[in-house]
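In: kindly return the folded structure for what I paste below:
(one chain, ligands or ions: 2)
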Amino acid sequence: MMAKLFRAVIMGPPGSGKGTISERIAQSFGLKHLSSGDFLRENIAANTEAGVLAKTYIERGLMVPDHVMTRLLLPRLEEMTRHSWLMDGFPCTLTQAKALNSTCDLDLVISLNIPYETLKDRLSDRWIHPASGRVYNMGFNPPRVQGRDDLSGEPLIQHDNDQPEALVARLRHYKDVAKPVIDLYKSKGILHTFSGTETDKIWPYINSLLSTKIPSRPETDTQHIPLP
Ligand SMILES: Nc1nc2c(ncn2[C@H]2C[C@H](O)[C@@H](COP(=O)(O)OP(=O)(O)OP(=O)(O)O)O2)c(=O)[nH]1
Ligand SMILES: Nc1ncnc2c1ncn2[C@@H]1O[C@H](COP(=O)(O)OP(=O)(O)O)[C@@H](O)[C@H]1O
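Out: Residues are numbered from 1 along each chain as shown. Ligands and ions are numbered 1, 2, ... in the order given. Below is the predicted model:
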């Protein structure tokens, strides 16, 4: 018999470690890691209608409108009927959360609560390989060769968006739009908040929470990432 599917969302301000923690969860528990940013980049690369539209917002450092996000993501989630997944970066707004709600029942929401100073330090030190979206941090997970992507050897870049002036505005915006989403999930009793300044210290708490919620092998799909 197929184990019960598990659906989770991870929320947090830019730089809070959603991507880093999602990768660890995917590896440890076999959930598929879905990222709104990756979906958008794939659509931009493929020149889809939604991708072309999304690009005009992302280039200006703006959030993509709700109707574009939901049109893009909900059909993808609906296709994933056989998989357990963890969604990173969506929903960001109450409208997105309500749309997601009408598509599926979430089992768990992880919210990361990281001090502003920590976010600022991390993001000003963040380097990205634009073609793949691979993320490095010069202190935490530096590339093997300075300024170069580990796999392709191509140059890494920094986002203007990650610089302190832009970051203050992004964080303020995140707080405003995320609050009603967090309240919604709190009222549903599925919200778990983790606070701290280091991913390595937060991770064991998330790991032990998930160990109580997810059976050791959530998928019958044998092609899936093996458990460690
Ligand atoms: N120094 C330090 N850096 C960390 C730690 N955890 C993650 N990082 C680094 C990796 C990245 O360069 C940067 C942001 O991490 P992520 O890309 O995982 O964050 P997130 O997905 O929330 O950011 P995003 O929404 O894509 O802006 O911080 C940590 O505990 N200490
Ligand atoms: N749920 C979302 N709603 C609206 N826009 C989004 C959403 N997720 C991602 N985006 C857009 O895509 C961009 C890239 O997303 P992401 O890779 O998560 O990185 P970051 O948040 O660090 O910019 C965001 O800056 C934003 O413009």
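
In: need the phi and psi values for the residue nearest to Glu42 when sequence neighbours are not counted.
Out: Using Cβ to Cβ, 6 or more residues apart in numbering and skipping the chain neighbours, the partner closest in space to Glu42 is Gly51 (7.7 Å). All C-beta spots, glycine's among them, are computed from the backbone N, C-alpha and C. Phi and psi for Gly51, reported as degrees, to the nearest 10, are phi -60, psi -40.

In: so Gly51 touches Tyr57, yeah?
Out: No: assessed by Cβ atoms under 8 Å, Gly51 is found out of contact with Tyr57, at 11.2 Å.

In: of the two, who's got more company?
Out: Comparing Gly51 with Tyr57 by other Cβ atoms under 10 Å, the one with more neighbours is Gly51, at 19 against 14.

In: quick one, what contacts the more buried one?
Out: Leu40, Glu42, Asn43, Ile44, Ala45 (Cβ atoms under 8 Å, 6 or more residues apart in numbering).

In: are any of the residues you listed buried, and if so which?
Out: Leu40, Asn43, Ile44 (16 or more other Cβ atoms under 10 Å).

In: spatially central residue in the chain, please.
Out: Residue closest to the average C-alpha location in the chain (Cα atoms, centre = their mean): Asp88, at 2.4 Å.

In: list the contacts for Ser195?
Out: Leu112, Asn113, Ile114, Ile202.

In: now the last one: how far from Leu167?
Out: Right, Ile202. 20 Å (Cβ to Cβ, to the nearest Å).

In: same thing with the first one?
Out: Shown here: Leu112 relative to Leu167, a distance of 16 Å by Cβ to Cβ.

In: Thr93 is in contact with Val181, correct?
Out: Yes: between Val181 and Thr93 there is a contact under Cβ under 8 Å: 6.8 Å.

In: quick one, which of those two is more surrounded?
Out: A direct count of neighbours by other Cβ under 10 Å for Val181 and Thr93 places Val181 higher, at 23 against 19.

In: which strand or helix spans that one?
Out: Taking DSSP states H and E as the definition, Val181 sits inside helix 164-188.

In: what does Arg60 give?
Out: Arg60 belongs to no helix or strand, assigned by DSSP H and E.

In: please report phi then psi for it.
Out: According to degrees, to the nearest 10, Arg60 has phi -90, psi 10.

In: what residues does this structure have near ligand 1?
Out: Within the chain, the positions near ligand 1 by Cβ under 6 Å from any ligand atom are 12, 14-20, 37, 122, 126, 135, 137, 139-140, 198-200.

In: helix/strand/coil for Ser16?
Out: coil (DSSP: H, G, I helix; E, B strand; the rest coil).

In: now it, nearest residue through space, not along the chain?
Out: Using Cβ to Cβ, 6+ apart, the closest residue to Ser16 is Leu112 (4.0 Å).

In: I figured that neighbour was touching Gly15, is that so?
Out: No: assessed by Cβ under 8 Å, Leu112 is found out of contact with Gly15, at 9.7 Å.

In: who's more crowded, these two?
Out: Taking other Cβ under 10 Å, Leu112 and Gly15 do not tie; Gly15 has more neighbours (26 against 20).
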